[in-house]
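In: have a look; sequence and predicted model below, questions after that.
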Amino acid sequence: METTRKLIRKQSLEKLYKLLSETRKIYAPVIAADKQVEYKYNPAFSDITFDHIRSTLSAKNVVFPKVENLFTFTNSKTESTINDIDLNKIPEVILWGAHPCDNAAFDILRSIFCWDITDEFFSKRLEKLVVIGLSCHQSDDYCFCTSVGLAPESSKGSDILLSRLQNGDYHAQILTEKGNSILNMAGELFEPVSAEKELITEVKGKFSHEQVTEKLKTAFENPFWVENSLRCIGCGACAYVCPTCACFDIQDETKGKNGKRYRSWDSCGFGLFTLHTSGHNPREVQSQRWRQRIMHKFSYMPERNESLGCVGCGRCSSGCPVDMNIAEQLEALQKI
Ligand code: SF4
Ligand code: SF4
């Protein structure tokens, strides 16, 4: 679809939010009591932040919840009855004000969840999602979107992309049919585009992802992995905050005769992640787990999914308790 460009004034943005929230759930970033930025469903418009650099957790929860029931069951002496989850009850959700890196991650998640067999849960949630993105007008040293082929104003993954103008109004790019349906519904709030300058931050390139991918072809046995992961404590935080990490565990939980099977986020950084029932663990030490994380995102995924597994949001670096900085490591890896 050809992109339509419009102007939306600051006061009209609030009207748009209120209009949309009458009929749909909205998932938007707010500043929590501990000053961290987190996504919440249906916050008051006045609580939404338009100035954050990154939320602590990404927005992936909206299509890949931290914990998701797959089915429920009832056991009797002779049989089990399984009750499927009615996916048609998954509501329409608008993701509001997520930055371009987070929005670009949805296609990457799709390449994982729909790689061989389509994951119906993920697909239905993505189908019901409309993304109103927000270009970045601030960045910090952890950001490296430009090193992985993105930019602070990338429109990938957004249905509408807003960019703040110098006077506080917003430039709106309507990019998809989903975005167009919002334009049609609230046309009076959109005006002809102005010539005001957009406030977009600069993010300096840190490494070449093509060179990293090439280097990884011969780096499997390199001492780099041990040297650079000695301080990793295997807490898994890097995977939990990441917008593209998609590993999950499946568990059954029962109470009396009733139970449920659910999946929950998992991390390849955990020692138990690959532990076999026999006691054998193919990734015995943390350096092997760190290598897996980098290999998966920058070598296996480009080969298998035709996309990188990283959008350069910098969350894993800013959230790591021992300051493992992925961009610095990739920069160093490029030079080995
Ligand atoms: S967040 Fe840091 S310490 Fe924790 S597993 Fe990831 S790299 Fe290791
Ligand atoms: S690997 Fe780190 S920088 Fe890359 S997308 Fe995940 S959290 Fe962001």
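Out: In hand now; what should we look at? Ligands and ions are numbered 1, 2, ... in the order given.
In: find the nearest non-adjacent residue to the residue in the stretch 151-300 of the chain that ligand 2 sits nearest to, please.
Out: Distances between the stretch 151-300 of the chain and ligand 2 by Cβ to the nearest ligand atom are smallest at residue 242, namely 3.3 Å. Backbone N, C-alpha and C define where each C-beta goes, glycine included. Spatial nearest neighbour of residue 242, excluding adjacent residues (Cβ to Cβ, 6 or more residues apart in numbering): residue 316 at 5.7 Å.
In: and the strands in this structure?
Out: Applying DSSP state E to the chain gives strands spanning 4-8, 25-31, 37-41, 67-75, 80-84, 93-98, 129-134, 160-164, 170-174, 191-192, 248-255, 258-265.
In: what angle sits between the second one and strand 37-41?
Out: Yep, that's strand 25-31 we're talking about. Strand 25-31 runs at 160 degrees relative to strand 37-41, counting by axes from the mean of the first three to the mean of the last three Cα atoms, to 10 degrees.
In: elements contacting strand 25-31?
Out: strand 37-41, strand 93-98 (3 or more Cβ pairs under 8 Å, 6 or more residues apart in numbering; DSSP states H and E).
In: what residues sit buried inside that strand?
Out: Under the neighbour-count criterion of 16 or more other Cβ atoms under 10 Å, strand 25-31 has 26, 27, 28, 29, 30 buried.
In: the fourth one too?
Out: Residues of strand 67-75 classed as buried by neighbour count (16+ other Cβ under 10 Å): residue 68.
In: elements contacting the longest helix along the chain?
Out: Using DSSP state H, we find that the single longest helix of the chain is helix 100-113. For helix 100-113, the elements it packs on are helix 120-127, strand 129-134, helix 301-304, judged by 3+ Cβ pairs under 8 Å, 6+ apart.
In: tilt between it and helix 120-127?
Out: Going by the same axes, to 10 degrees, helix 100-113 makes 150 degrees with helix 120-127.
In: CA atoms only: put helix 100-113 into PDB for me.
Out: Extracted in PDB, the C-alpha atoms of helix 100-113 (Å, rounded to 0.1, in the frame of the first residue of the first chain):
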ATOM      1  CA  PRO A 100      10.700   1.300  15.600                       C
ATOM      2  CA  CYS A 101      13.000  -1.400  17.000                       C
ATOM      3  CA  ASP A 102      10.200  -3.000  19.000                       C
ATOM      4  CA  ASN A 103       7.900  -2.800  16.000                       C
ATOM      5  CA  ALA A 104      10.500  -4.400  13.600                       C
ATOM      6  CA  ALA A 105      10.700  -7.300  16.100                       C
ATOM      7  CA  PHE A 106       7.200  -8.600  15.200                       C
ATOM      8  CA  ASP A 107       8.300  -9.700  11.800                       C
ATOM      9  CA  ILE A 108      11.300 -11.500  13.300                       C
ATOM     10  CA  LEU A 109       9.000 -13.200  15.800                       C
ATOM     11  CA  ARG A 110       6.800 -14.200  12.900                       C
ATOM     12  CA  SER A 111       9.800 -15.800  11.200                       C
ATOM     13  CA  ILE A 112      10.300 -17.900  14.200                       C
ATOM     14  CA  PHE A 113       6.800 -18.800  15.200                       C
END
